[in-house]
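Asker: for reference, the sequence and a predicted model appear below.
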Amino acid sequence: MNTIQKNKFSASIKSWIAYDAGNSAFATTVLAAFFPIFFTQYWAADIAEIDSAKYYSFALMISNGLLLISAPIVGAITDISGNTKKLFSRLVLVSIFFTGLLFFLEAGSWLMALVFFGVANLFFSTSNVLYDKILIKITTPDLFSKISGYGYAVGYFGGGTLFLLNAIMSLQPGLFGLESQADAIRWSFLTVSIWWSIFLLPLYINFKDETNSNENKALLKNAIFTFIETLRNISAHKPSFIFLIAFFLYIDGVHTVMALASTFALNIGLKSDAIIIALIMVQFVAFPATLLWAWVADRFNDLLVIFISIFIYIAIIIYSTTLTNAMEFYILAILVGSVQGGIQASSRSCFAKIIPEEKSGEFFGLFNTFGKAGALFGPFLVGIFLIAFNDIRLALVPIILLFIFGGYILYRYKNEII
C-alpha cells in the first residue's frame, strides 16, 4: 500500500477532488441540461415532443445497458494489470471527444446526436468506475466519507460554474458574439470538452499506479474469469452484495430524476429558460448541502445520510406529480439539490469501506453496474408509463417503490454492512 499517497490531502487527493469539477461538467451541462433540451428543441424539432422523449429514454437505456456488460470487466482488468491511470485517461478522452463532436451537428440530426451522446455517456460512466477505485488508492477508510463528499461538493460547484457560464451564453448569446441560443448551446458542448480536459491533467500528473504495468494478450480473458470467480463466491463478500442490491433499487430513482428532469419539465409546458435556472439552483444548493452531508457521514455514518435522503426523494417524487409552474419546479430543484450529492457520496464511501482493496476495480465496476442498471430500468419504466398513460406527470410514480424496497433492504441488513 502506497503510504506516501495516503497522507491527508496529498497532491493526489486534491487532484482527485478537483477532477470532479471537470467530470461534473458533463453530468450537468450535457446530461442533465442542454442535451435533453437541445435534443427536443433543435435536433429532434421535426418530431413530436412525446416521441423525442421516448427516443431519448431508450437511448439512455441502451447506453447504460452496455455499461452493465463492460464496467466489472474494465475494473477487473485494472486490478490485474495495475494500469488504472492509463485506462481511466483513455476512457475519459473518448468521452471528451464525442462530447465535442456534438458541436458540429446541425438541426434535424437527431439520430447522430443520440449516437454521439450515447458513446460519450457510456465512456463517461465507465471512466467513473476507475475514478471511484482511485479513492481507495489515495487515502484510508477513515477519510472515505469526508473525501468522497468533498469530491461531489467540488463537482457541483465546478460543474455548476461552467453551467452558469453556458446558461448566460444561452440566455444572452449576443454578449458572446453569437447569433442565437442554438449557437450558444452548441458551443457549450465544446466548452465542456475543454473544461473537462483541464481538470483531468492534475489527476493524471499526480496519481501514480501502485503496481507495475502488466499487459498481456490474456488480460481480457483473465479479467472475465476473475469476475466469474467473484460471482461464484458471493457468500465470501455478503455485505458488499447486500449493499449492491439495495443500492441498485434506491439509486434508480436518483439517476432517473437526474437524467429526465429537463425532459419532464419541457413536457409539462415549462420554458427552457426556467429549466436552466432550476438546474443552476440544483448545483449551487448541492455544493453546501453535500459538504453538510459529508460532515454528518463523517460524524455519524453513511447509512444515516442514505436513509434520510431516501425519505426526501420519495417526497420529491410525490411532489413532482403536482407541478404546474416554474416556481413549483424551482422548489423541486432546491429539494433535489439538498440530497443529490449526499446520497451519492455516502453510497460511494460506504461501499468503499466494505470491499477488498485488491478487487476494488472489479467491485466498483459492480457498483457502477448496479447503479446504472437502475438508470437502465428507470428510463425504461418511464418510457412504458409514457406509452401507457401519455402523461409525463405519472412517469416517476413507480420509482417510489424502488426507493422503499432499497431502503428496507439497507435497514434490514444494516448491522452486517456497518
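Answerer: Happy to help now that I have it.
Asker: not counting sequence-adjacent ones, nearest residue to Y55?
Answerer: Leaving aside its sequence neighbours, Y55 sits nearest to L114 (Cβ to Cβ, 6 or more residues apart in numbering; 6.6 Å). Quick note: C-beta positions are derived from backbone N, CA and C, even for glycine.
Asker: do I have it right that V119 meets G100?
Answerer: No. Taking contacts as Cβ atoms under 8 Å, V119 lies outside contact range of G100: 11.8 Å.
Asker: one step back: for the residue nearest to Y55, what are its contacts?
Answerer: F39, Y55, Y56, A59 (Cβ atoms under 8 Å, 6 or more residues apart in numbering).
Asker: now which of these would you call buried?
Answerer: F39, Y55, Y56, A59 (16 or more other Cβ atoms under 10 Å).
Asker: now pLDDT too, for the contacts of L114, in CSV please.
Answerer: Converted to CSV, the contacts of L114 look like this (pLDDT from 0 to 100):
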residue, pLDDT
F39, 86
Y55, 85
Y56, 85
A59, 85
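Asker: among those, which are in helices?
Answerer: Residues of the contacts of L114 located in helices (DSSP state H): Y55, Y56, A59.
Asker: of the residues you listed, which is the nearest to W16?
Answerer: A59 (30.3 Å; Cβ to Cβ).
Asker: low-confidence ranges in this protein?
Answerer: Along the chain, segments meeting pLDDT under 70 span 1-7, 210-217, 234, 259, 262-263, 372-376, 378-379, 392-393, 395, 418.
Asker: how about stretch 360-372 as CSV, C-alpha atoms only?
Answerer: Taking C-alpha atoms only, stretch 360-372 is exported to CSV below (Å, rounded to 0.1, in the frame of the first residue of the first chain):
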residue,chain,number,x,y,z
SER,A,360,-11.5,-2.6,-5.8
GLY,A,361,-11.7,-2.1,-9.6
GLU,A,362,-13.9,-5.1,-10.0
PHE,A,363,-16.2,-4.2,-7.1
PHE,A,364,-16.5,-0.6,-8.2
GLY,A,365,-17.3,-2.0,-11.6
LEU,A,366,-20.2,-3.8,-10.0
PHE,A,367,-21.1,-0.7,-8.0
ASN,A,368,-21.4,1.4,-11.2
THR,A,369,-23.1,-1.5,-13.0
PHE,A,370,-25.8,-1.8,-10.3
GLY,A,371,-26.1,2.0,-10.2
LYS,A,372,-26.6,2.2,-14.0
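Asker: how far is that stretch from where the chain is centred?
Answerer: Here the centre of stretch 360-372 is set off from its chain's centre by 13 Å, with Cα atoms, centre = their mean, to the nearest Å.
Asker: in that stretch, what's buried?
Answerer: Neighbour-count burial for stretch 360-372 [16+ other Cβ under 10 Å]: 360-372.
Asker: just the ones of those residues in helices?
Answerer: 360-372.
Asker: buried sites along the helix or strand harbouring L303?
Answerer: Assigned by DSSP states H and E, L303 belongs to helix 302-320. For helix 302-320, a neighbour-count test (16+ other Cβ under 10 Å) marks 302-303, 305-310, 312-314, 316-317, 320 as buried.
Asker: nearest residue to S148 other than its sequence neighbours?
Answerer: Nearest one to S148, counting by Cβ to Cβ, 6+ apart, is S349 at 4.0 Å.
Asker: for P288, same thing?
Answerer: P288's closest residue in space is A153 (Cβ to Cβ, 6+ apart), at 7.7 Å.
Asker: number of residues surrounding the one you found?
Answerer: Counted with other Cβ atoms under 10 Å, residues neighbouring A153 total 25.
Asker: my read: it touches G341, true?
Answerer: Yes. Taking Cβ under 8 Å as the definition, A153 is a contact partner of G341 at 6.3 Å.
Asker: which neighbours do these two share?
Answerer: Counting by Cβ under 8 Å, 6+ apart, the shared contacts of A153 and G341 are A286, F287, T290.
Asker: packing partners of the helix holding L303?
Answerer: helix 238-267, helix 272-299, helix 326-354, helix 399-412 (3 or more Cβ pairs under 8 Å, 6 or more residues apart in numbering; DSSP states H and E).
Asker: can we see that at 6 Å?
Answerer: helix 272-299, helix 326-354, helix 399-412 (3 or more Cβ pairs under 6 Å, 6 or more residues apart in numbering; DSSP states H and E).
Asker: these: which one's closest to N206?
Answerer: helix 326-354 (19.8 Å).
Asker: in the closest one, which residues are buried?
Answerer: Result for helix 326-354 [16+ other Cβ under 10 Å]: buried residues 326, 329, 332-333, 335-354.
Asker: so what's the residue count around the residue lying closest to I224 once chain neighbours are set aside?
Answerer: Nearest non-adjacent residue to I224, counting by Cβ to Cβ, 6+ apart: I73, 6.1 Å away. Using other Cβ under 10 Å, I73 is surrounded by 19 other residues.
Asker: tell me the angle of the strand or helix carrying I73 relative to helix 238-267?
Answerer: Here I73, judged by DSSP H and E, is contained in helix 49-81. On the basis of axes from the mean of the first three to the mean of the last three Cα atoms, to 10 degrees, helix 49-81 is oriented at 150 degrees to helix 238-267.
Asker: tell me what helix 49-81 is packed against?
Answerer: Applying 3+ Cβ pairs under 6 Å, 6+ apart, one finds that helix 49-81 contacts helix 110-138, helix 219-232, helix 360-389.
Asker: run through who's touching the second one.
Answerer: Applying Cβ atoms under 6 Å, 6 or more residues apart in numbering, the contact partners of helix 219-232 are P72, I73, A76, I77, I80, S81.
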